[in-house]
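Novice: mind folding the following:
(chains A and B)
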Protein chains: 2
Amino acid sequence: MMRNGKKNLGASYCLFPAPVVLCGTYDAAGRPNLATLSAVGVCSTRPPVIQIGVMPARHSHAAILLKQAFSLNIPSRKYLPEADYCGIAGGRKVDKFARTGLTPVRGTYVEAPLVGEFPVCMECRLIQCIELVSHDLFLGEVVATWVAEDAVGDDGWIDPRKVDAFCYMLQIRKPRVYHAVGEPLAPAFEAGKVFMQAGE
Amino acid sequence: MMRNGKKNLGASYCLFPAPVVLCGTYDAAGRPNLATLSAVGVCSTRPPVIQIGVMPARHSHAAILLKQAFSLNIPSRKYLPEADYCGIAGGRKVDKFARTGLTPVRGTYVEAPLVGEFPVCMECRLIQCIELVSHDLFLGEVVATWVAEDAVGDDGWIDPRKVDAFCYMLQIRKPRVYHAVGEPLAPAFEAGKVFMQAGE
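Specialist: Here you go, the predicted model:
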């Protein structure tokens, strides 16, 4: 069906672009695991809460419930193959840290492994699990945000350009493609001022 | 505190990059409104569910509850100033559609306005509202995904390059900067195969 020059693809989903994060967990045997997710989003800022969608059959799902915790790790571009692999392989069969050579670092505040090589790693305490159909929604309160020294800017906070992240064209239909993050365009809360009127 | 070459920024949040979407609603007076959000993420794929985080004081918040619906509209890069403006201005005081010149198009399936000029518009039926602290979390089931003809690829689905979206460096600290989406790097579920072993 076409309407107003647009075509309806039906009950679908897409986000252009979506982030790519690796979710770290420890299972009942204490083995660290990683699962790559693009079903992730910030929910709330005070306290900081981030959601992830995880299929119940995934090895990470039981581990998050068991430890009531997970980590979220943002890969830089040079770790794209590792990140992609951790979205293909299953954690029940393969030790993805060992296979990729990534280093599990114990969380300081929650029982979840962080990825030593990645520029940004967040420790999350599970605060809620909402059952949907294909996925369950885990809400994690971020209790620590670890940033590699070489990704810290002059102001002592994260310089996103130094993180050198990449992104994902998330839609129901494959192929889905990773893209680089391009050049800075404009600061937020500035570019829109052209639409303001005097006195606003 | 430093650990393993990383600095702890504490209870914080970041996603590099986050998407930029405009949430469309009708209020009790039937006026269309737009609110720009980066607190957004895919939750579930079957059915397609997307979450948004909205502060209770925002005009959109009451409208979503009233109509049990919202739209999510992905701007292309040329609408960056309009998108930024809709994150600055308050919908109670200003008609953001009128001010920016964007065209409200009635949803076909839910009571929410879509942005006529944007390449991708999703109609969402509210399925759950979860109260957090600074924000409430709205879960929307996507019931229609409208794609502009010039953003459709040869296979009849969305060609993300034609959407020409931009992204947002979302973190607790400002300034936050919009970035372009850069060049394609690799297809997902391919780049990681280098870590597979024979027979897998």
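Novice: ok, which stretches of chain A are strands?
Specialist: Taking DSSP state E, the strands of chain A run over residues A:2-3, A:6-8, A:14-18, A:21-26, A:32-37, A:40-44, A:49-54, A:69-74, A:104-106, A:113-115, A:120-131, A:136-148, A:166-171, A:177-187.
Novice: how about those strands, which one is nearest chain B?
Specialist: Among those, strand A:40-44 comes nearest to chain B, with 1.9 Å by Cβ to the nearest Cβ. C-beta: built from backbone N, CA, C; applies to glycine.
Novice: put the alpha carbons of the closest one into PDB.
Specialist: Output in PDB follows, covering the C-alpha atoms of strand A:40-44 (Å, rounded to 0.1, in the frame of the first residue of the first chain):
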ATOM      1  CA  VAL A  40      19.800  -1.700  23.200                       C
ATOM      2  CA  GLY A  41      18.800   1.800  24.200                       C
ATOM      3  CA  VAL A  42      19.000   4.400  26.900                       C
ATOM      4  CA  CYS A  43      15.800   4.500  28.900                       C
ATOM      5  CA  SER A  44      16.300   7.000  31.700                       C
END
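Novice: quick check: bridge partners of A:R125?
Specialist: Going by DSSP bridges, A:R125 is paired in beta bridges with A:A69, A:E141.
Novice: any idea how far it lies from A:L66?
Specialist: From A:R125 across to A:L66, the span is 14 Å (Cβ to Cβ, to the nearest Å).
Novice: got a list of what the residue nearest the centre of chain A touches?
Specialist: For chain A, A:V21 is the residue whose C-alpha lies nearest the centre (Cα atoms, centre = their mean; 2.9 Å). A:V21 is in contact with A:36-38, A:40, A:52, A:72-75, B:15, counting by Cβ atoms under 8 Å, 6 or more residues apart in numbering or on different chains.
Novice: rerun that using 10 Å as the cut-off
Specialist: By Cβ atoms under 10 Å, 6 or more residues apart in numbering or on different chains, A:V21 lies in contact with A:35-40, A:50, A:52, A:71-75, A:83, A:118, A:120-122, A:165, A:168, B:15-16.
Novice: same check on A:E111?
Specialist: Residues near A:E111 by Cβ under 10 Å, 6+ apart: A:25-26, A:30, A:63, A:66-71, A:123, A:125.
Novice: could I get the residues you listed in CSV, plus columns for pLDDT?
Specialist: Formatted as CSV, the contacts of A:E111 follow (pLDDT from 0 to 100):
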residue, pLDDT
A:T25, 98
A:Y26, 98
A:G30, 97
A:A63, 98
A:L66, 98
A:K67, 98
A:Q68, 98
A:A69, 98
A:F70, 98
A:S71, 98
A:E123, 98
A:R125, 98
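Novice: now which of the residues you listed would you call buried?
Specialist: Among the contacts of A:E111, those classed as buried by 16 or more other Cβ atoms under 10 Å in any protein chain shown are A:25-26, A:63, A:67-71, A:123, A:125.
Novice: give me the number of neighbouring residues for A:V177.
Specialist: Around A:V177 there are 17 other residues, counting by other Cβ atoms under 10 Å in any protein chain shown.
Novice: is it correct that it is in contact with B:G153?
Specialist: No. Between A:V177 and B:G153 there is no contact under Cβ atoms under 10 Å: 11.6 Å.
Novice: mutual contacts of the two, please.
Specialist: Joint contacts of A:V177 and B:G153 (Cβ under 10 Å, 6+ apart) are B:160-161.
Novice: correct me, but A:G91 touches A:S60?
Specialist: Yes. The criterion here is Cβ under 10 Å, and A:G91 meets it with A:S60 at 6.4 Å.
Novice: those two - which one has more neighbours?
Specialist: Set A:G91 next to A:S60 and count neighbours by other Cβ under 10 Å: A:S60 wins out with 23 against 20.
Novice: give me the distance between the more buried one and A:P113.
Specialist: When A:S60 is compared with A:P113 (using Cβ to Cβ), they lie 11 Å apart.
Novice: what touches both of these two?
Specialist: Residues touching both A:S60 and A:P113 by Cβ under 10 Å, 6+ apart: A:24-25, A:33-34, A:70.
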